[in-house]
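>>> Predicted coordinates and the sequence they were generated for:
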Amino acid sequence: MYGREILLGVGGGIAAYKSCDLLRRLQDRGYLVTVVPTPSSLNFVGSATWEALSGRKVHTQVWENIPEVPHVALADKAQMIVIAPATADLIARIAQGRADDLLTNIVLASDAPKLIVPAMHPNMWLNAATVANVATLRSRGFIVLEPETGRLTGKDSGVGRFPETAVIIEEVEKISGWNADLLGKEILITAGGTREPIDAVRYIGNRSSGKQGYALAEAAVSRGAKVKLIAANCNLPDIDGVEIFPVATALEMGALLQDFFPTSDALIMSAAVADVRPSEVSDGKIKKEKIDHLDLIANPDLLAQAGKARRADQVLVGFAAETSHLEEYAAAKLERKGLDLLYVNDVSGGAIFGSTHTQGMILDKSGVVATVPESTKETLAHKLLDLVATRLS
Ligand code: CTP
């Protein structure tokens, strides 16, 4: 899973304006793009345009934000560098390993794949110096696209035109290897464990940490999905690009599910929802000698409710925890709750809660589709999302 963060370097050629369209089309494909224009390219397209189009801060100088060491930070963040347009001068500077502006600093500091999209006058492209520089870059692993032939700026025509955006995008997709199979899909995920209040200080809860739901959210967003995460009592860091809705109780979670489920393409219920709650909640703290028993009432089964309300084009995934008869109990639960997929945790060893690892099996209506040997929760997240993506496509 790599290649989603792109750094778009813009050289000082008239084709810089065509890179505005390239930026847009990359965003349409789900890429996250940071633009670094060379100072001379700002004569053609200014920073304001790049900031407005990319929605991100545009850096042009090595000498800005010195404490952030911008050339190293930007180089580390980029999973791929696309330089479009690349002028003869920029190609020459990169071939010489120079670092005389921010972009060339980043190129030197980055080990990400690099795609160069030249655009210049035919005489400059065919000049022996440029030919040698391009050969040098290719020998060092840079991918250098061939410019197209046709009309150029002014009266001339020949080889040197900036390629069509679609040609560049095709090359980017080939190099990036980014798996965007959930692009445009809305995935709703629940995580953690609900807490059902008894009084002002006590609750009925469970040991779910929320790690599995967060791993699912992170994996889904990395594959291009729009992700809403309903998080019940999770003490975990926010995830870039994921909308997180904290809740405490099953009823709060249920209310948000009712709001969000109708527009979601898939719901993955990894939260441990308390099956019951105290029938009365005291505003103050109950003194211990007064607690001799608790009256409980059943919480709604949120997943089963979604299973009833669902449309055929939605994908519904449940979780279960069992200590024995995994397959038999899981198959019955999948059927009873109207699910497409169910992951059953084998908790017979007792070590799933709060752990970074899991083991169990994934079922669909036909039975077991995968057994999951001890794996990280991230690995399981991607396995489940593979199956969700197949069903959504
Ligand atoms: N679930 C829910 N609402 C509840 C209880 C559970 O939505 N009130 C969801 C959970 O999020 C999970 C699945 O249903 O996806 C778990 O089903 P459940 O029947 O509670 O399974 P177990 O926890 O394994 O419990 P049991 O075997 O005791 O029925």
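In hand now; what should we look at?

>>> next SSE after the longest strand anywhere in the chain?
Longest strand of the chain, by residue count under DSSP state E: strand 367-376. As assigned by DSSP states H and E, the chain's next helix or strand after strand 367-376 is helix 377-392.

>>> Convert that following helix to PDB, retaining C-alpha atoms only.
What follows is helix 377-392 as a C-alpha-only set of coordinates in PDB (Å, rounded to 0.1, in the frame of the first residue of the first chain):
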ATOM      1  CA  LYS A 377      -5.100  -6.200  13.300                       C
ATOM      2  CA  GLU A 378      -3.900  -4.200  10.300                       C
ATOM      3  CA  THR A 379      -3.500  -7.400   8.300                       C
ATOM      4  CA  LEU A 380      -7.000  -8.600   9.200                       C
ATOM      5  CA  ALA A 381      -8.300  -5.100   8.300                       C
ATOM      6  CA  HIS A 382      -6.900  -5.400   4.800                       C
ATOM      7  CA  LYS A 383      -8.100  -9.000   4.400                       C
ATOM      8  CA  LEU A 384     -11.700  -7.900   5.300                       C
ATOM      9  CA  LEU A 385     -11.500  -4.900   3.100                       C
ATOM     10  CA  ASP A 386     -10.400  -7.000   0.100                       C
ATOM     11  CA  LEU A 387     -13.600  -9.000   0.500                       C
ATOM     12  CA  VAL A 388     -15.700  -5.800   1.000                       C
ATOM     13  CA  ALA A 389     -14.100  -4.200  -2.100                       C
ATOM     14  CA  THR A 390     -14.900  -7.300  -4.200                       C
ATOM     15  CA  ARG A 391     -18.500  -7.100  -3.100                       C
ATOM     16  CA  LEU A 392     -18.800  -3.400  -3.800                       C
END
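
>>> Is Asp313 part of a helix or strand, or is it coil?
Following DSSP: H, G, I helix; E, B strand; the rest coil, Asp313 is assigned to coil.

>>> Spit out the contact partners of it.
Asp265 (C-beta atoms under 8 Å, 6 or more residues apart in numbering). C-beta coordinates here come from the backbone N, C-alpha and C atoms, glycine included.

>>> can you do 6 Å?
Contact analysis of Asp313 by C-beta atoms under 6 Å, 6 or more residues apart in numbering lists nothing.

>>> so what pLDDT did it get?
On the pLDDT scale, Asp313 is placed at 97.

>>> and the stretch 251-393 of the chain, which residues reach the ligand?
Residues of the stretch 251-393 of the chain found near the ligand (C-beta under 6 Å from any ligand atom) are 269, 271, 273, 275, 299, 301-303, 318-321, 333.
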